[in-house]
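Engineer: Following is a predicted model, sequence given first.
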Amino acid sequence: MHIKRSISGRIDKGSVAHNNREFIAPNVDKSRTHENITLVREDIQTVYHELFDRALDEYNAKQKRKDRRIKNYYEHINHSKQEKLFYEVIFQIGNTEDTHCGTPEATVATKALTDFVQGFQQRNPHIRMFNAVIHLDEETPHVHINFIPFATNHTRELSTRNSLSKALEQQGFKGEGKMNTCTKQWVEHEKQQLAAVMQGYGIEWEQLGTHEQHLDVLDYKKKMRAREVAVLENKVECTQHQLESTERVLRDADNAIERLDKEYAEKTEQVEQLDSDIKDKSAELESTTEQLAVNQQLLQVASVKVAQINDIDSINVKRSMLGDKVTLAEMDYNSIVELAKKELAAEHDSAEKDDEIYRLNEILQALNKEKALWADERSALHKTIDKLRAQVRGLTDQLSALKAKYDRVMNFIEKFDLKEKLDNFLHPIINRKKSR
């Protein structure tokens, strides 16, 4: 058995803090606040970055004067006198007399409101919902939806910007004077969508004084179909925009990964070359150290020889009767001459060994310094390689996420049978020739 319930919907000033019960108004029953249902809760500034950063970067890049650049679009709109930072729309089923919170009727109405919100974002490609809460701590179940409207393909200022009227126009709602604005048309359309959801729960919409009652059924259906076609065509345009954006980011990610892979390979090759050079220097260092040890041994032997030569004083001499001259036996004389020659040779050899040892010590110190420098460079290259690996992993994760988003877009196109419309949008000339 069907029951009838009214639907109310309106654009409100909006207070996210009130909706999320960061402060409690007098009409709220605190004992039932825990029963409220938060369906969507995102940070508004994060959503602003998601929606407008790309268009903002493109706009700023075109500005030659620094004073015309916009640093932060969120703050720009926050101080704007033309556009609001965000908007709020409220929908309610029934009233306090027939759908009071806590009754079975209110439970069914809450389910219908939940389903209605779950389809809200898909129905509105130019309305970005960032907060949605069903309040059950007041008289009647109702939902507060906070959203940011965004219009695309602008030629002046940002290509994507905050504008409720333009966003609704791109969804097929065109104003017809003050009595039938695009906002009123959109709210009425959403009430129709809520009514369709309610029918699934056995609730019929009891329309109270709607301005559409004077239209006959056929005209009304035609109007609704025209709006649906406009919305569908706009979804195709938005999908194409998403596809182009996703494909561009995918290409950039692929190029970045390829560049990092190449840089990583070059750094790895440098590390391998350094390892080889360090091995060569280590061998040269070892050889120099061995030569130094040999020279030190030779010097020690030469010193012993010099000491032995100094023992020449032990040779016996005899004074001659002819004056101060001394006489030696021939054998002793020959020994002295030989020892003198050896002393001269030993002293010369010792000086050469000293010079060689000094030179080898200098080479040894230089090699040690060079080896230490190369070891530091190798360590720095290893750190660079680790950073490159981390960047590659990060880009790979981003690429996977973008591919998943791309797949969702393609699934959306297939689900709503938009392939033909998308093809006509992308290749209008070719398709017109085929139709001829």
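Structural biologist: All right, it came through fine.
Engineer: Residues in contact with stretch 365-379: which ones?
Structural biologist: By Cβ atoms under 8 Å, 6 or more residues apart in numbering, the surrounding residues in contact with stretch 365-379 are 271, 274-275, 277-278, 281-282, 284-285, 288. C-betas here are computed from N, CA, C, even on glycine.
Engineer: Produce a PyMOL select command limited to the buried residues of those.
Structural biologist: Here is the PyMOL command that selects the buried residues among the contacts of stretch 365-379 (16 or more other Cβ atoms under 10 Å):
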select buried, resi 271+274+278+285+288
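Engineer: Can you tell me which of the contacts of stretch 365-379 is nearest residue 262?
Structural biologist: Comparing the contacts of stretch 365-379 against residue 262 with Cβ to Cβ picks out residue 271 as the nearest, at 15.2 Å.
Engineer: quick one: pLDDT of the closest one?
Structural biologist: Here the pLDDT value assigned to residue 271 is 77.
Engineer: from memory it sits against residue 384, does it?
Structural biologist: No. Residue 271 lies out of contact with residue 384 (Cβ atoms under 8 Å); the separation is 9.3 Å.
Engineer: Please flag which of the contacts of stretch 365-379 sit within helices.
Structural biologist: Counting by DSSP state H, the contacts of stretch 365-379 place 271, 274-275, 277-278, 281-282, 284-285, 288 in helices.
Engineer: Let me have the residues you listed in TSV, extended by distance to residue 193.
Structural biologist: Output for the ones in helices among the contacts of stretch 365-379, formatted as TSV (distance: Cβ to Cβ, whole Å):
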residue	distance to residue 193
271	62
274	67
275	68
277	72
278	72
281	77
282	78
284	82
285	82
288	87
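Engineer: re the thing from before, any idea which of the contacts of stretch 365-379 is closest to residue 399?
Structural biologist: Closest approach between the contacts of stretch 365-379 and residue 399, by Cβ to Cβ: residue 271, at 26.7 Å.
Engineer: State the mean pLDDT of stretch 5-23.
Structural biologist: What stretch 5-23 shows for mean pLDDT is 91.
Engineer: Please tell me how far stretch 187-196 is from the chain's geometric centre.
Structural biologist: 38 Å (Cα atoms, centre = their mean, to the nearest Å).
Engineer: Could you tell me which residues within it count as buried?
Structural biologist: Applying 16+ other Cβ under 10 Å to stretch 187-196 flags 187-191, 194-195 as buried.
Engineer: Make TSV from those residues and add pLDDT to it.
Structural biologist: Converted to TSV, the buried residues of stretch 187-196 look like this (pLDDT from 0 to 100):
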residue	pLDDT
187	95
188	94
189	95
190	96
191	95
194	96
195	95
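Engineer: export those to a markdown table and tack on distance to residue 156?
Structural biologist: What follows is those, written out as a markdown table (distance: Cβ to Cβ, whole Å):
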| residue | distance to residue 156 |
| --- | --- |
| 187 | 28 |
| 188 | 31 |
| 189 | 29 |
| 190 | 30 |
| 191 | 34 |
| 194 | 36 |
| 195 | 39 |
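Engineer: So which of those residues belong to helices?
Structural biologist: Residues of the buried residues of stretch 187-196 located in helices (DSSP H): 187-191, 194-195.
Engineer: which one among these gets closest to residue 400?
Structural biologist: Out of those, the member with the shortest distance to residue 400 (by Cβ to Cβ) is residue 190, at 35.4 Å.
Engineer: check contacts around the closest one.
Structural biologist: Listed by Cβ under 8 Å, 6+ apart, the contact partners of residue 190 are 9, 89, 91, 120, 123.
Engineer: Top of those residues by number of neighbours, please.
Structural biologist: Greatest neighbour count in the contacts of residue 190, by other Cβ atoms under 10 Å, goes to residue 91: 24 neighbours.
Engineer: Any idea how many residues pack against the nearest residue to residue 157 once chain neighbours are set aside?
Structural biologist: Spatial nearest neighbour of residue 157, chain neighbours left out: residue 59 (6.5 Å); criterion: Cβ to Cβ, 6 or more residues apart in numbering. By the criterion of other Cβ under 10 Å, residue 59 has 21 neighbours.
Engineer: was I right about residue 159 contacting residue 57?
Structural biologist: No. In this structure, residue 159 is not within contact of residue 57 by Cβ under 8 Å, at 10.7 Å.
Engineer: Need the phi and psi values for residue 366.
Structural biologist: With angles defined as degrees, to the nearest 10, residue 366 sits at phi -60, psi -40.
Engineer: Next one, pLDDT for it please.
Structural biologist: Looking at residue 366, its pLDDT reads 78.
Engineer: now do residue 426
Structural biologist: Looking at residue 426, its pLDDT reads 60.
Engineer: okay, residue 159 and residue 57: which has more neighbours?
Structural biologist: residue 159 (17 against 10).
Engineer: Surely that one is within a helix?
Structural biologist: No. Remark: residue 159 does not belong to a helix; assigned using DSSP: H, G, I helix; E, B strand; the rest coil, it is coil.
Engineer: Please name the nearest non-neighbouring residue to it.
Structural biologist: Leaving out its chain neighbours, the residue that sits closest to residue 159 by Cβ to Cβ, 6+ apart is residue 55, at 4.7 Å.
Engineer: Give me the buried positions along the helix or strand hosting that neighbour.
Structural biologist: Applying DSSP states H and E as the criterion places residue 55 in helix 44-62. Of the residues in helix 44-62, 47-48, 51-52, 54-56, 59 count as buried by neighbour count, 16+ other Cβ under 10 Å.
Engineer: Could you save the residues you listed as a markdown table and add columns showing distance to residue 367 and pLDDT?
Structural biologist: Shown next, in a markdown table, are the buried residues of helix 44-62 (distance: Cβ to Cβ, whole Å; pLDDT from 0 to 100):
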| residue | distance to residue 367 | pLDDT |
| --- | --- | --- |
| 47 | 62 | 96 |
| 48 | 60 | 96 |
| 51 | 62 | 95 |
| 52 | 60 | 95 |
| 54 | 56 | 94 |
| 55 | 60 | 93 |
| 56 | 57 | 94 |
| 59 | 59 | 93 |
